[in-house]
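**Q** Sequence first, predicted coordinates after that:
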Amino acid sequence: MLRSPIPFALSLVLVLAACGGTAPPAAPGASEKAAGSAGAQAGAPKMGGTIRVGLDSELANLDPMKSALVVDRQVMYNMYDSLVAIDKDLKIVPALAESWDQPDPATYVFHLRKGVKFHDGADFSAEAVKFSLDRNRNTDTSPRKAELSDVASVDVVDPATVKVTLKGPSAPFLATLVDRAGMIVSPDAVKKGGEDFTRNPAGGGTGAFKFVEWAKGDHITLEKNPNYWKSDASGNKLPYTDKVTYRFFPDQNVRLTNLKTGDQDVIYRLAEKDVADAKQNPDVVYKDAPGLAWAGLIFNTKRPPFDDKNVRLAVNYAIDRPQILKTVFFNVDAEAQNPMTPAISWAYDASVAKPFSHDVNKAKQLLSEAGKSNVSFTLDVSNNPQDIQEAQLIKDELAEAGMAVNLNVLEFTKQIDQASKHDFQVSQFGWSGRIDPDGEVYNHVHSTGGMNYGQYSNKELDDLLDKARRAQTQDERQQLYSQAMKILAQDAPRAWINFQPAWGLYTKKVQNYDFVGDAIIRLEGVWLR
Amino acid sequence: MSTSTLELATASLPARPGAPFALRLGRYPRILVGAGFILLLSLAALLAPVLAPYNPVDTHPALAYRPPGAAFLLGTDNLGRDVISRVIWGARVSLQVGFISVTIGLVVGATLGILAGYRGGWTDTLLMRFIDALLAFPAILLAIAITSALGPKLENAVIAIGVVNIPIFARLARGQVLQVRGAEYVQAARVAGGRAWRIVFRHVVPNIANPLIVQATLTIALAILAEATLSFLGLGTQPPTPSWGFDLNVARGYLVNNFWWMAIGPGTAILLTVMCFNFLGDAIRDALDPRLRQR
Amino acid sequence: MTTYILRRLALMLPVAVMVTIIVFVLIRLTPGDPALAYLGEEASPESVVAFRHQLGLDQPLPVQYLVYLGNLLHGNLGFSIKSHEPVLQAILDRFPATLELGFASLVFALAVALPAGIISAVRKDSATGLVAGALPLFGVSLPNFFLGILLILVFGLYLRLLPPGGFTSFPDDPLDNLRHLVLPAISLGTVNAAISLRLMRSSLLETLAQDYVRTARAKGLAARRVLTRHALRNALIPVATVVGIQVGLVLEGAFVTETIFAWPGIGRLAVNGIFQRDYPVVQGAVLFAALVFMFASLLVDILYVYLDPRISYS
């Protein structure tokens, strides 16, 4: 059985604190050097080697325009750069755009970094930016189209300057650009690749690593970009390593085991039940941070019994969140009662974070007042062990309050399918999370939201969310979001249950791993012992 | 599911007229042992409400992940349920899956096979092409595809496994019918003007029963394994129904956490049950094989 | 013989057509929208509709089938909805991995089954013989995914002897490739080993009881000699043909084994395809597996005729 993990965890924490991670990249307008390791480091960076990364599923696309899977991003962030990036604190920092001005709230003028080259040798320029942004926002089948719907036009001012005009002020705009919507691709490479580009994006990006090959079902190989524009604090060109390989392990046990045995150097996420084991394993480095991802239940507000607010509130009171967090998530996840995660610290408001308590009597009371003391309904469950376990717990917890739940386990795609067709009563739902609160909330509870499968609509809430999008200061936005959270607590369109942390999981061989709370594996500053 | 290999194993059995061998069971201790175990198993399944110390469905999260001890002989699972109780109740699902799916395969398959063998001609050709088409699929894949198509539920898994088992019974029945067709007593019946189905029931069926019984027993073993595999892939039994395959799949995820007891219960149950049916099937086959008479 | 082969080949055609129909119907029946599966959890409704149209999923079913069949005859198995890869290419890329695994598992199966089978037959009344004879029962009754997981745990995690899943291709690094091959081959081959063992045993027992063997013993030949020169060769005939049939078993077991060990063969391709509703991939993989199996059966029957002079097919 497990030995006590505490002494080991403590010493690990101390070691990690001493080694430190990278300091945040330079502020806007400053030099292009990314600070290398701060504080004591285990020797000078060693050049060379191959980093082996284990992902949790195969990718579908390496073309930012087409990608819709969370796992695609893991590879793309190392191949492509966006105009802007984020630091450890999730703040926007320059990337391909050295600086930017806003002549008015709805216009951005980006001053592009000079001397950057694409992997195919072509020069990075404003033309490439226009090309990338336009194809993202104008292709009908692209998920980027909705993300960039606020963009009115993209104009080349000069080879090093791009002007983006929005339809109105949009606070989350820069955050959107951090991800695939803002990734810049080489127009030549795209034209040359044609339909095949997404599977063979040779020469397409400006990132630390360039694409070599994608052996379907097996692995993806990237190799060092010798002309990468970033260097470390001592002036050494990044990246340090020669190659990166990504392999796919859908089975979380196999994936974690591969990390433990050293067959993989870094892996992407693990199950909460394995956290204690990973923490105390001498070969594994475990890091976590409050995450952006949230999960819970979504109610169909247009179908009985959840068209009645009281039933929705009753569920929120009847669920025993602490128990679920303990038994299913081993207390690794944090409790969530609304989508505003503490990870986005400036927007988080503790005073509105936990409106519900575990109160079976209150739930019963709400139900009887609504005349629904013996309500029964079907809960759609995703077909994976953790969700099934959680659903069974929820079923029994709701039974205590007099609600009879029928579990319906569905294939993930079928579940989304039914949800999008509003063919459900209550369903499990999770969201991978975005760095801006708008990305955490808007599409899920705004009446026009693309993922508002429960068809929830509250005009007051809509107004607040729209205002929060247009607002200019973080204080203003925080207040608006806090008010929005209060409305969500009254209407209970969903029952949020947990926030999943972001994890850094790698072996002792891996040095200088830059762990950011968006759970993206960034490898440019990594070197291998 | 090794349809073809089993076919090889049982095809050599000649159809024999005469009294069923059941009367001579006493001479075959292995059959008694095998059948005895299965009887015990069935009894345990029937008496589950009485035998099982705890309710297998109710969740008790505060009791989750307990190792084996006084209160719970094989510990508790990830929802605080007693492993032993779930294993006992799980016998119901496994036996049901085994018997029902094989019955489907047997009845439909044998009917098709008898039809094809007896009628011959175009009926034979068409039916056998269809059977060949079914046999061309790797069996598990066909079961997965059918269950996915019908929807992941236990009932559909049973149907899927049943369908997958049709070809082997069809082939077997047809082969036996072809052997019997030429026999004198059948010819005599036909000449005497007897109706086809009567001839079939009175003469053909009793004589092909033996190899079919052997096949059925062995196939039940495979059906139980198939249900485990389907549950492993997320098709088949749905929670919270106790099922060995499903529970083994859940337990699999916790092996790395050292919660080994969650897997031992259902895993051993599957192993022993399947072994029993295989053992029994082998024993019956050996008993019926005239070439092994001396042993 | 040639006529027999030609006739069999001709008969395979209608069966193959029926196979495609069965597959097509099954996959279409499967609930779940491939457009959603492709576009991912973050797709917008408009892009889903546009995509369905692009895939021709809004055409009536018979039309879709005929289009599919026509393409098939041109060697076009379609494109993966998820990865846009040509399905035929995807299958051919992954088939060598399954082939390697299948071959290795059969080698393992024989390496275990033959000696164990011989021992259990020759020493059938001793303890070793009884144990060896009881092994097959165990081998066919153990769920192969359970065996796979246990192997990973013991050899991969506790003993750290072998990698817990994954794959390196042979040209890249032969030794690493073989390291990754061991556990899945054992997991996949155990059922085959059990069956071959049982058959070897019963076949050898039968042969040893034959008159000509008794005659050889009576003539004074040493037991060993009798075994190797006379009995074994004849006893091996049924086993040899069963090995051919076991190709089907390997194909079946591969689905689960490849998934557990993250082995990139067509088994894993098909399973992933089913769960992702990647229709073209599943149709292609299943069709491919079925055809491979049919050809293997044909080869087996030919082998059987060739090896056993008592059998003849008109």
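**A** Cool, the structure landed. Here the structure is a predicted model, which means the values were calculated and not measured.
**Q** confidence score at the residue lying closest to A:R321 once chain neighbours are set aside?
**A** Spatially, and ignoring its direct neighbours in sequence, A:R321 is nearest to A:E335 (5.1 Å; C-beta to C-beta, 6 or more residues apart in numbering or on different chains). (Glycine included, C-beta is placed from N, CA and C.) pLDDT for A:E335: 95.
**Q** same thing with A:N300?
**A** For A:N300, pLDDT reads 96.
**Q** Kindly report the residues of the stretch 151-300 of chain C close to chain B.
**A** Contact residues, the stretch 151-300 of chain C versus chain B (C-beta under 8 Å from any C-beta of the partner chain): C:153, C:157, C:191, C:195, C:206, C:238, C:242, C:245-246, C:248-249, C:251-253, C:255-256, C:259, C:270-271, C:274-275, C:282, C:286, C:289-291, C:293-294, C:297.
**Q** quick one: what helix or strand has the closest residue to B:L51 other than its chain neighbours in it?
**A** The spatially closest residue to B:L51, leaving aside those adjacent along the chain, is B:I88, at 5.4 Å (C-beta to C-beta, 6+ apart). Using DSSP states H and E, B:I88 falls within helix B:83-119.
**Q** Domain-wise, how is chain C divided?
**A** If you go by automatic domain parsing, the domain ranges for chain C are C:20-73, C:91-307.
**Q** Please work out which of these is packed deepest.
**A** Stretch with highest mean neighbour count among those: domain C:91-307 (a mean of 20; mean count of other C-beta atoms under 10 Å in any protein chain shown).
**Q** what about stretch A:270-279, how long is it end to end?
**A** 12 Å (C-alpha to C-alpha, to the nearest Å).
**Q** So which bits of it are buried?
**A** Within stretch A:270-279, the residues scored as buried using 16 or more other C-beta atoms under 10 Å in any protein chain shown are A:L270, A:A271, A:E272, A:K273, A:D274, A:V275, A:A276, A:D277, A:A278, A:K279.
**Q** and of those, the nearest to chain C?
**A** Chain C lies nearest to A:D277 out of these, by C-beta to the nearest C-beta, at 10.7 Å.
**Q** Okay, A:F424 and chain C: tell me how far apart.
**A** 14 Å (C-beta to the nearest C-beta, to the nearest Å).
**Q** is it true that that residue touches A:F377?
**A** No. Here A:F424 does not reach A:F377: they are 9.6 Å apart, not a contact under C-beta atoms under 8 Å.
**Q** which of the two has more neighbours?
**A** A:F424 (24 against 20; other C-beta atoms under 10 Å in any protein chain shown).
**Q** Enumerate every residue touching that one.
**A** Residues near A:F424 by C-beta atoms under 8 Å, 6 or more residues apart in numbering or on different chains: A:N300, A:R303, A:T378, A:D380, A:Q418, A:Y453.
**Q** at 6 Å what do you get?
**A** Residues in contact with A:F424 (C-beta atoms under 6 Å, 6 or more residues apart in numbering or on different chains) are A:N300, A:D380, A:Q418.
**Q** Equivalent analysis for B:L248, please.
**A** Contacts of B:L248 by C-beta under 6 Å, 6+ apart are B:P266, B:G267.
**Q** The helix or strand hosting it to helix B:83-119, inter-axis angle?
**A** According to DSSP H and E, B:L248 maps onto helix B:244-254. Relative orientation of helix B:244-254 versus helix B:83-119 (axes from the mean of the first three to the mean of the last three C-alpha atoms, to 10 degrees): 130 degrees.
**Q** neighbours around A:L148, how many?
**A** Other residues lying near A:L148 total 21 when counted by other C-beta under 10 Å.
**Q** before we move on, what about A:K114?
**A** A:K114 has 13 neighbours, counted by other C-beta under 10 Å.
**Q** can you check A:Y246 too?
**A** Using other C-beta under 10 Å: A:Y246 sits among 25 other residues.
**Q** State whether it is indeed within a strand.
**A** Yes. Counting by DSSP: H, G, I helix; E, B strand; the rest coil, A:Y246 is found in a strand.
**Q** got the residues of the stretch 301-450 of chain A near chain C?
**A** Contact residues (C-beta under 6 Å from any C-beta of the partner chain) of the stretch 301-450 of chain A with chain C: A:E411, A:T413, A:K414, A:I416, A:D417, A:G450.
**Q** one more time with 7 Å, if that's ok
**A** By C-beta under 7 Å from any C-beta of the partner chain, the residues of the stretch 301-450 of chain A that approach chain C are A:E411, A:T413, A:K414, A:I416, A:D417, A:S420, A:G450.
**Q** Give me the buried entries from the residues you listed.
**A** Of these, these count as buried by 16+ other C-beta under 10 Å: A:E411, A:T413, A:K414, A:I416, A:D417, A:S420, A:G450.
**Q** The first one reaches A:V381, doesn't it?
**A** No. At 10.7 Å, A:E411 and A:V381 do not qualify as touching, with contact defined as C-beta atoms under 7 Å.
**Q** Return the residue spatially closest to whatever residue of chain B ends up closest to chain A, with its sequence-adjacent residues excluded.
**A** The nearest approach of chain B to chain A comes at B:P61, 4.0 Å away (C-beta to the nearest C-beta). Using C-beta to C-beta, 6+ apart and skipping the chain neighbours, the partner closest in space to B:P61 is A:T327 (4.0 Å).
**Q** Could you measure from that neighbour over to chain C?
**A** Per C-beta to the nearest C-beta, A:T327 is found 23 Å from chain C.
**Q** hang on, isn't that residue packed against B:L63?
**A** No. Proximity of A:T327 to B:L63 does not meet the contact threshold set by C-beta under 7 Å, at 9.7 Å.
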